[in-house]
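**Q** Got a predicted structure plus its sequence, pasted below:
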Amino acid sequence: MSDRPIRVLIAKPGLDGHDRGAKVIARALRDAGMEVVYTGLRQTAEMIVNAAVQEDVDAVGLSVLSGAHMHYFREVAALLDARGADDVLLFGGGIVPDQDLPALEELGVARVFTPGTSTHDVVAYLRETVPERRRSHEAS
């Protein structure tokens, strides 16, 4: 199982209609050899988690520019936990104030990439973090 490519779901929750950044990240991850599922615009937390479970992803990345990041990350984290998918790495990107980062971390959000982050940094983070998580979950 740990030899398979990293599988990542990229989603745009809520009514935010700006998806250029999500598409750039999805393409960079794909170009780096990862399997990427892009769910498109206006996804509910339930739709995102259902797709994540169905696609057996290693990570879910939320792109939130609307200011509703606390709400969407909280919902997705809770639903992943309820579906027994708490081993899925939850990360995101968008416009998130620094003062919200500790609360997001408490919710289980592993990392938030803000505007200006290079795609290389996102790829490197997933390449490092996902295999570590796989090993720790296989050992338990």
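**A** All right, it came through fine.
**Q** From now on I want contacts and neighbour counts done on CA atoms only, so please keep to that.
**A** OK.
**Q** ok, now which ones touch the nearest residue to Glu75 once chain neighbours are set aside?
**A** Distance criterion C-alpha to C-alpha, 6 or more residues apart in numbering; nearest residue to Glu75, sequence neighbours excluded, is Ala45 at 6.0 Å. Taking C-alpha atoms under 8 Å, 6 or more residues apart in numbering, we find Ala45 in contact with 13, 72, 75-76, 79.
**Q** Could you identify the longest helix within this structure?
**A** Criterion DSSP state H: the longest helix present in the chain is helix 119-139.
**Q** Could you report the distance from the residue nearest to Glu75 to Thr119?
**A** Using C-alpha to C-alpha, to the nearest Å, we find Ala45 at a distance of 25 Å from Thr119.
**Q** tell me the SS of the residue most central in space within the chain?
**A** Centroid check for the chain by C-alpha atoms, centre = their mean gives Gly61 as the closest residue, at 1.7 Å. The three-state label given to Gly61 by DSSP: H, G, I helix; E, B strand; the rest coil is strand.
**Q** is it in a bridge, and if so with what?
**A** According to DSSP bridges, the partner residues bridging Gly61 are Ile10, Phe91.
**Q** just checking, it touches Leu90?
**A** Yes. With contact defined as C-alpha atoms under 8 Å, Gly61 counts as touching Leu90 (6.1 Å).
**Q** tell me the helices in this protein, going along the chain?
**A** In the chain, the helices defined using DSSP H lie at 20-31, 45-55, 69-82, 101-107, 119-139.
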